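[1] what's the 3D shape of this:
(chains A and B)
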Amino acid sequence: MKRIYQTLIILTILALIPLYGNAQCKSFAKKVCKLELTPYIHDGNYNAAVLTEGEDAELYKTFYAGQNYRIYICGSDALPDIEFQVLDVSRNVLYDNRKNDYSRLWDFKLESSQQLIISLRVKNNEEESDELISGCVAIMFGIKDEMD
Amino acid sequence: MNIKLLHRKTLSFLALFIAFGLIIGCSSDKDKSTDSDDLITIDSLEIDEQLIKDVKTVKEIFYSLPSPLETAMILKQAGAKYNEELLNPTDNTSKYVTNKSMALNLGIYTTDLSYASLFDQTQATINYMNAAKKMAEGLGILNAIDEAIIERLEANINNRDVIMDIISETIMTSSSFFEENDRQALSTIVLVGGWIEGLHIATNLVGADVDFNNNELVNRIIDQKLTLSTVISLLDENSDNEDVQMVMVNVNELKKIFDKIEITSSKIEPVIDEETNVTTLKSQTTVSMSPATYNELKEKVKVIRSNYIL
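    Numbers count the residues shown, from 1 in each chain, chains lettered A, B, ... in the order given. Now for the predicted structure:
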């Protein structure tokens, strides 16, 4: 009987982890990540998830000619470096932050509108450890109003 | 930010447990398969294999549509003028009583709000923020737009940067609320509502005598063919929702028209400006759209949008 209770408690905790993680992620994206977009204005979209070292994510988005964009990959400080690439629809690499000391932001503009893929991966922790590190990773987009 | 630490042994146990569940699940599915399942074409086999590969290797996939704020900025950048007659009147808010209509019109009003604020229309900005507030409240989005936000908006009504920051924050609060509460279908409908409103404003601002080959607004309308595939992917993710299915019908009608537009793009070449550290993605795009296709698109957007604003 005791074992059943223990199992139920563990399953409940496991079920609640994503909810807790989501709430933490939102707060993190709002309070920490948004600031890094300045002087660009956050577009308002929320793209964030709790990732564990070694895990990856991809985002598909159309970027428009004439706009100035900033991509900021915002990850919890305790996470290892985050690799991120910007690819075209044929998966040709247009930007790779490994060539730029794992910079988490990239400013760009386009001559013609394009659908691009943002591909990111949390690196594995290089230190030998018995534990896997997880944390919030948010993909933020800033745009600039340059009409005035 | 708290970090979740998971023991490798616990994860190994969970992995074994999940693998066992998957083996059982897959065996059951196999038993249920019909003869017709075996008659697949080479093309669909290739697509399925690619899909399986993607699902196995990528943990999270996001499809991002232009937010109402970005839509308004794209319009302005393309030379759009302000025309309040094109917007959904704020008196209409009382018409929206279902989740679907409130979600669609939250997107529509937020696009109208962003458009009005970018053109420094102070009273319209306040009115559309209040209209969006009513939709958000109806959908149960707590604190997305509270009285403090309205007061902050009014206090900074002549400071466009602050206003845009407020709008950006309300969009984020709404979308994250849906995400946290497992209501992604509604979040998708909000975005589609905003996207349709952007198309409605853009198609109505293009004059009858415009040069189709040399007009930025027309180009941005054509570019929506690229965004359309993201709209469809996003709707597909929530296709078990009845409201999403209804929206999907409209989007597929638009797809039939967008399919008549041809876009070809050269290879993209990134060029970095060392001084500003801004990269320009250089490429040449050629597009082909007949005036008849444009008129068909404009008419279809008008019909869909009329159904959404009721």
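[2] Can you name the residue of chain B nearest chain A?
    With Cβ to the nearest Cβ, the shortest gap between chain B and chain A falls at B:Ile171, namely 2.9 Å. (Each C-beta comes from the backbone N, C-alpha and C, glycine too.)
[3] Show the pLDDT at that residue.
    Note for B:Ile171: predicted pLDDT of 95.
[4] Isn't it up against B:Pro68?
    Yes - applying Cβ atoms under 8 Å, one finds B:Ile171 in contact with B:Pro68, separated by 6.4 Å.
[5] Quick check: neighbours shared by those two?
    Common contacts of B:Ile171 and B:Pro68, defined by Cβ atoms under 8 Å, 6 or more residues apart in numbering or on different chains, comprise A:Gly44, B:Thr110.
[6] Neighbour count: the two, which is higher?
    B:Pro68 (33 against 29; other Cβ atoms under 10 Å in any protein chain shown).
[7] correct me, but that one touches B:Ser117?
    No - using Cβ under 8 Å, B:Pro68 makes no contact with B:Ser117, being 10.5 Å away.
[8] Overlap in contacts, these two.
    B:Ile167.
[9] Run a quick neighbour tally on the residue of chain A found nearest chain B.
    Residue of chain A nearest chain B, by Cβ to the nearest Cβ: A:Gly44 (2.9 Å). For A:Gly44, the count of nearby residues is 25 (other Cβ under 10 Å).
[10] excluding its backbone neighbours, what's nearest it?
    B:Ile171 (2.9 Å; Cβ to Cβ, 6 or more residues apart in numbering or on different chains).
[11] How far off centre is the helix or strand where that neighbour lies?
    When elements are assigned from DSSP states H and E, B:Ile171 belongs to helix B:160-180. Counting by Cα atoms, centre = their mean, to the nearest Å, helix B:160-180 is centred 14 Å from the centre of its parent chain.
[12] Output that helix as PDB - backbone C-alpha positions only.
    Provided in PDB are the C-alpha atoms of helix B:160-180 (Å, rounded to 0.1, in the frame of the first residue of the first chain):
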ATOM      1  CA  ARG B 160       5.000  55.500 -28.700                       C
ATOM      2  CA  ASP B 161       7.900  53.400 -27.300                       C
ATOM      3  CA  VAL B 162       6.100  52.900 -24.000                       C
ATOM      4  CA  ILE B 163       2.800  52.200 -25.800                       C
ATOM      5  CA  MET B 164       4.400  49.600 -28.000                       C
ATOM      6  CA  ASP B 165       6.000  48.000 -25.000                       C
ATOM      7  CA  ILE B 166       2.600  47.800 -23.300                       C
ATOM      8  CA  ILE B 167       1.100  46.200 -26.400                       C
ATOM      9  CA  SER B 168       4.000  43.700 -26.700                       C
ATOM     10  CA  GLU B 169       3.500  42.700 -23.000                       C
ATOM     11  CA  THR B 170      -0.200  42.200 -23.400                       C
ATOM     12  CA  ILE B 171       0.300  40.000 -26.400                       C
ATOM     13  CA  MET B 172       2.900  38.000 -24.500                       C
ATOM     14  CA  THR B 173       0.700  37.600 -21.400                       C
ATOM     15  CA  SER B 174      -2.200  36.300 -23.500                       C
ATOM     16  CA  SER B 175      -0.100  33.800 -25.500                       C
ATOM     17  CA  SER B 176       1.700  32.500 -22.500                       C
ATOM     18  CA  PHE B 177      -1.600  32.200 -20.600                       C
ATOM     19  CA  PHE B 178      -3.000  30.000 -23.300                       C
ATOM     20  CA  GLU B 179       0.300  27.900 -23.300                       C
ATOM     21  CA  GLU B 180       0.300  27.500 -19.500                       C
END
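[13] tell me which residues in it are buried?
    B:160, B:163-180 (16 or more other Cβ atoms under 10 Å in any protein chain shown).
[14] same thing with stretch B:271-286?
    B:Val278, B:Thr279, B:Leu281, B:Ser283, B:Thr285.
[15] Contacts (any at all) between chain B and the longest strand seen in chain A?
    Secondary structure of chain A per DSSP state E: the longest strand is strand A:131-144. Yes - Strand A:131-144 is in contact with chain B by Cβ under 8 Å from any Cβ of the partner chain, via A:Glu131, A:Leu132, A:Ile133, A:Ser134, A:Gly135, A:Cys136, A:Ile139, A:Phe141, A:Ile143.
[16] Drop anything exposed from those.
    A:Leu132, A:Ile133, A:Ser134, A:Gly135, A:Cys136, A:Ile139, A:Phe141, A:Ile143.
[17] Show the backbone phi and psi for the closest residue to the fourth one other than its chain neighbours.
    In other words, A:Gly135. Of all residues not flanking A:Gly135 in the chain, A:Ser76 sits nearest, at 3.1 Å (Cβ to Cβ, 6+ apart). Main-chain dihedrals, A:Ser76, degrees, to the nearest 10: phi -60, psi 140.
[18] A:Ser76 touches A:Phe28, doesn't it?
    Yes - A:Ser76 is within contact range of A:Phe28, at 6.8 Å (criterion: Cβ under 8 Å).
[19] list the contacts for residue 97?
    You didn't say which chain, so I picked chain A. Contacts of A:Asn97 (Cβ under 8 Å, 6+ apart): A:Ile73, A:Ile82, A:Glu83, A:Phe84, A:Gln85, A:Ser103, A:Arg104, A:Trp106.
[20] Oops, wrong one, chain B.
    B:Gly138.
[21] where does it fall, phi/psi-wise?
    Given degrees, to the nearest 10, the pair of backbone angles that B:Val97 has is phi -120, psi -20.
[22] hmm, back to that, near the residue nearest to A:Gly135, how many other residues are there?
    Neighbour count of A:Ser76, defined by other Cβ under 10 Å: 23.
[23] And for A:Leu94?
    That count, for A:Leu94 with other Cβ under 10 Å as the rule, works out to 18.
[24] Please apply the same query to B:Tyr115.
    29.
[25] and the angle from the helix holding B:Ile171 to strand A:131-144?
    For helix B:160-180 against strand A:131-144, the angle by axes from the mean of the first three to the mean of the last three Cα atoms, to 10 degrees is 140 degrees.
[26] Just after the lowest-mean-pLDDT helix or strand in chain A, pick out the following helix or strand.
    Lowest by mean pLDDT, DSSP states H and E among the helices and strands of chain A is helix A:2-28, with a mean of 64. Next along the chain after helix A:2-28, taking DSSP H and E as the criterion, comes strand A:41-42.
[27] Which neighbours in the sheet does the helix or strand just after that next one have, and how are they oriented?
    Next along the chain after strand A:41-42, taking DSSP H and E as the criterion, comes strand A:48-52. Strand pairing for strand A:48-52, using DSSP bridges, gives strand A:131-144 (antiparallel).
[28] How far does the partner strand sit from its chain's centre?
    On Cα atoms, centre = their mean, the centre of strand A:131-144 falls 3 Å from the chain's centre.
[29] With just CA atoms, put it into CSV.
    Taking C-alpha atoms only, strand A:131-144 is exported to CSV below (Å, rounded to 0.1, in the frame of the first residue of the first chain):
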residue,chain,number,x,y,z
GLU,A,131,22.7,15.0,-12.7
LEU,A,132,21.2,16.5,-15.9
ILE,A,133,20.6,20.2,-15.9
SER,A,134,17.3,21.6,-17.2
GLY,A,135,16.2,25.2,-17.6
CYS,A,136,14.1,27.6,-19.5
VAL,A,137,15.1,28.5,-23.1
ALA,A,138,13.1,31.3,-24.8
ILE,A,139,13.5,32.3,-28.5
MET,A,140,12.7,36.1,-28.6
PHE,A,141,12.3,38.4,-31.6
GLY,A,142,12.8,42.1,-31.5
ILE,A,143,11.8,44.4,-34.3
LYS,A,144,12.7,48.1,-34.9
